[in-house]
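Student: pasting the structure only:
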């Protein structure tokens, strides 16, 4: 299902479902420290019910399942949810293909709502009252993000420039370390109680980094197949010229925790 937003990629439509098979293979890249930050906040642990919005292929529920929380994941894309169910075989995780703004879970259903790599995609005026209703008193919204740093990492910068060559309107370029932005409308019902931004070295091979870049919004989710193939061929040649077979890419991680205000 195509998503169009004038503030993202100049309004160029994109569909994560087009990338689902590669997404399942190449986007599960978060280091252990990324998940440890969550556990240190005493969130997504045993005894808690957690709703993951924009779950994609279920990366967050699958990797945090071992900590004992009961997870539910929702995503707009049916193809992403199909992959999430396949990859979560044997785990007691509920998945639903539904837009976050159209969720209809009972009131006071969840202790925590998580949103990883996706919070800016939502219509917050519609989503906010749903999250407030579905979260228990004192419930948390946990926002998570990780991105490469092109100004500090030469391989990331060169790869990013190649994306821009094929998709000049892509607005995912030029990332710098910063706090996760939270729309002002959340201030009425939630309070920011914690945030942190920190550097992370993420290991890749040429193959896995090519796959990671291929499934970014600016390539796999938005370009026609012939252009994706041309980009991939050029990117593989680029990596053969500038990167060893195994390397790390400097990223940063960010976390923001919101607490539901008492009525």
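Tutor: Happy to help now that I have it. Because the structure is predicted, anything quoted here is derived from the model rather than measured.

Student: so who does residue 124 touch?
Tutor: By CB atoms under 8 Å, 6 or more residues apart in numbering, residue 124 lies in contact with 183, 185-186. The way it works is simple: take the backbone N, C-alpha and C, and place the C-beta from them, glycine included.

Student: Burial check on residue 56, number of neighbours?
Tutor: The number of residues packed near residue 56 is 25, by other CB atoms under 10 Å.

Student: Quick check: chain neighbours aside, which residue is closest to it?
Tutor: Excluding the flanking residues, the one nearest residue 56 by CB to CB, 6 or more residues apart in numbering is residue 80, at 5.1 Å.

Student: and the one you found, helix, strand or coil?
Tutor: What DSSP: H, G, I helix; E, B strand; the rest coil gives for residue 80 is helix.

Student: pLDDT wise, what is it at?
Tutor: At residue 80, the pLDDT value in this model is 96.

Student: Was I right to think it contacts residue 18?
Tutor: No - if you go by CB atoms under 8 Å, residue 80 and residue 18 don't touch, sitting 10.2 Å apart.

Student: Can you show me the helices along the chain?
Tutor: For the chain, the helices defined by DSSP state H occupy 20-26, 32-40, 59-64, 78-87, 124-134, 154-166, 206-214, 225-242.

Student: Contacts only, for the residue minimising distance to the centre of the chain.
Tutor: With distances taken as CA atoms, centre = their mean, the residue of the chain nearest its centroid is residue 117 (2.4 Å). Applying CB under 8 Å, 6+ apart, we find residue 117 in contact with 54, 56, 144-146.

Student: Swap in 10 Å and give it another go.
Tutor: Contacts for residue 117 were tallied using CB atoms under 10 Å, 6 or more residues apart in numbering; they are 27, 30, 54, 56, 59-60, 143-147.

Student: Same question for residue 144.
Tutor: For residue 144, counting by CB under 10 Å, 6+ apart, the contacting residues are 30, 34-35, 37-38, 52, 60, 114-119, 180, 253-257.

Student: I'd like the distance from it to residue 212, if you could.
Tutor: 17 Å (CB to CB, to the nearest Å).

Student: now residue 228
Tutor: Distance, residue 228 to residue 212, by CB to CB: 14 Å.

Student: separation between the residue lying closest to residue 67 once chain neighbours are set aside and residue 32?
Tutor: Leaving aside its sequence neighbours, residue 67 sits nearest to residue 45 (CB to CB, 6+ apart; 5.1 Å). In this view, residue 45 and residue 32 are 16 Å apart by CB to CB.

Student: The two: who's more crowded?
Tutor: Comparing residue 45 with residue 32 by other CB under 10 Å, the one with more neighbours is residue 45, at 16 against 7.

Student: Per-residue confidence, that one, what does it come out as?
Tutor: We have a pLDDT of 98 for residue 45.

Student: got it, and the one 3 residues further on?
Tutor: pLDDT recorded at residue 48 is 98.

Student: What does it show for phi and psi?
Tutor: The phi and psi torsions at residue 48 (degrees, to the nearest 10) take the values phi -100, psi 150.

Student: Residue 68 and residue 45 touch, don't they?
Tutor: Yes - the pair residue 68 / residue 45 is scored as a contact, 5.9 Å apart, by CB atoms under 10 Å.

Student: And residue 80 and residue 18? Which one has more around it.
Tutor: In this view residue 80 and residue 18 are compared by other CB under 10 Å, and residue 80 has more residues nearby, 26 against 19.

Student: State the distance from that one to residue 26.
Tutor: Distance, residue 80 to residue 26, using CB to CB: 14 Å.

Student: Next, show the common contact partners of the two.
Tutor: Here residue 80 and residue 26 share the contacting residues residue 19, scored by CB under 10 Å, 6+ apart.

Student: ok, residue 76 to residue 63 distance?
Tutor: 21 Å.
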